[in-house]
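>>> I need the structure of the sequence given here:
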Amino acid sequence: MSDLKRWAEIVQEIAAEAGELLRQRYGTTHMIQQKGFRDIVTDVDLEVEKRIVARLRAAFPQHAIITEESEGEDDATTQAPVRWLIDPIDGTTNFSRHNPNFSLSIAAVAAEAPGEDARPVVGVIVEPLRDYCFAAYRGGGARLNEQSIHTSATTTINRAVLGSDIPRDPARRAQHLTLVTGLLARARTVRVLGSAALGMAYVAAGWFDAYLHRHIHPWDQAAAALLVEEAGGVLATCSGAPWTVAAPDPLMAATPELLTELRAAQVEIEEVADA
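Below you'll find the predicted structure:
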């Protein structure tokens, strides 16, 4: 993986171009399609995705590409050792409503050795309207607009600002709201942005102390997970199982101490709810 720094540089250029397209199309009229319950896609999602995919294929022809809107990859690259995960707009509802809290996310995942789980090795998240570019490659630290960033030093829930987003699925939504309601009684506060990638990037920057989500897709979390790790944070799942890029329920925390407190609080809150 000696080329990771160069990969990150290439992807930052691709993401910057895609971010400029999002800025141009923000606030204009969009075609909106319903993908499912509480799930939409706009013509801009598809346009930006097409632009990113074309650039990635030109730069990395032997790599696989998986996107939110296609959820697929080229047959010729299904066995590729590197896969790119793309979310052209994370926070499409916000974007479609002219709410400025949205981002685009691009990550490369790869296994370090045969038989091992794939891990994020390059991650870039762009917040177009604020001209923020969060970027990391494994072993290279995390940066915001080329300045190093680090997770906060908060170690206790009572001082923590938690980030979270609400799942679409009714059952998961009810579970998650029970957990967040319980944490609200213990934490300083909870913030909901409407973009999971941004919520986790804000953990890397130290703006949030932790991020929780009950159900999340690989393309939403891969780049942000790398940012959190490279900024000094830790990751785990709400179930207590080890985090992987395919895990649907990650829990992001700024420090191991805070993660330990959050997990203990989660268990207690859910035990009371189940009693």
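
>>> thought residue 233 was touching residue 256?
No - using Cβ atoms under 8 Å, residue 233 makes no contact with residue 256, being 9.0 Å away. Every residue, glycine included, has its C-beta placed from N, CA and C.

>>> give me the longest helix you can find in this protein.
helix 4-25 (DSSP state H).

>>> how far does it sit from its chain's centre?
Taking Cα atoms, centre = their mean, to the nearest Å, the mean C-alpha location of helix 4-25 is offset from the chain mean by 16 Å.

>>> and the lowest mean pLDDT element among the helices and strands of the chain?
strand 32-36 (a mean of 60; mean pLDDT, DSSP states H and E).

>>> dig out what residue 41 forms beta bridges with.
Following DSSP bridges, residue 41 is listed with bridge partners residue 33.

>>> confidence score at it?
Per-residue confidence at residue 41 stands at 70 (pLDDT).

>>> repeat that for the one 5 residues further on.
The model reports residue 46 with a pLDDT of 88.

>>> again, but for the one 10 residues further on
As summarised for this prediction, residue 56 has a pLDDT of 97.

>>> name the helix or strand for it, please.
Here residue 56 sits within helix 43-59, counting by DSSP states H and E.

>>> tell me the helix or strand right after that helix.
Next element after helix 43-59 (DSSP H and E): strand 64-67.

>>> I'd like to know which elements the helix or strand that that next one is followed by is packed against.
On the C-terminal side of strand 64-67, the nearest following helix or strand under DSSP H and E is strand 82-90. Secondary-structure packing of strand 82-90 (3 or more Cβ pairs under 8 Å, 6 or more residues apart in numbering; DSSP states H and E): helix 43-59, strand 64-67, strand 103-110, helix 196-205, helix 218-230.

>>> buried residues, stretch 53-70. List them.
Using 16 or more other Cβ atoms under 10 Å as the test for burial, stretch 53-70 gives 53, 55, 56, 60, 63, 64, 65, 66, 67, 68, 69.

>>> please apply the same query to stretch 140-152.
142, 143, 144, 149, 151, 152.

>>> separation between the second one and residue 205?
Using Cβ to Cβ, to the nearest Å, one obtains 10 Å as the distance from residue 143 to residue 205.

>>> identify the contacts common to those two.
134, 149 (Cβ atoms under 8 Å, 6 or more residues apart in numbering).

>>> the helix holding residue 56 vs helix 4-25, what angle?
150 degrees (axes from the mean of the first three to the mean of the last three Cα atoms, to 10 degrees).

>>> check what pLDDT residue 117 gets.
82.

>>> again, but for residue 70
pLDDT at residue 70 comes out at 63.

>>> give me the contact list for the helix holding residue 56.
For helix 43-59, contacts defined as Cβ under 8 Å, 6+ apart pick out 10-11, 14-15, 17-18, 21-22, 25, 30-31, 63, 65, 67-70, 84, 86, 88-89, 92, 95, 104, 106.

>>> that older thread, got the helices and strands packed on strand 82-90 as JSON lines, with distance to residue 252 columns?
Formatted as JSON lines, the helices and strands packed on strand 82-90 follow (distance: least, Cβ to Cβ, whole Å):
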{"stretch": "helix 43-59", "distance to residue 252": "24"}
{"stretch": "strand 64-67", "distance to residue 252": "21"}
{"stretch": "strand 103-110", "distance to residue 252": "14"}
{"stretch": "helix 196-205", "distance to residue 252": "5"}
{"stretch": "helix 218-230", "distance to residue 252": "5"}
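
>>> between the ones you listed, which one is nearest to residue 4?
With Cβ to Cβ, the closest approach to residue 4 among the helices and strands packed on strand 82-90 belongs to strand 103-110: 8.2 Å.

>>> which strands or helices does the following helix or strand past the closest one pack on?
As assigned by DSSP H and E, the chain's next helix or strand after strand 103-110 is strand 119-127. Judged by 3+ Cβ pairs under 8 Å, 6+ apart, strand 119-127 is in contact with helix 4-25, strand 103-110, strand 132-137, helix 196-205, helix 218-230.
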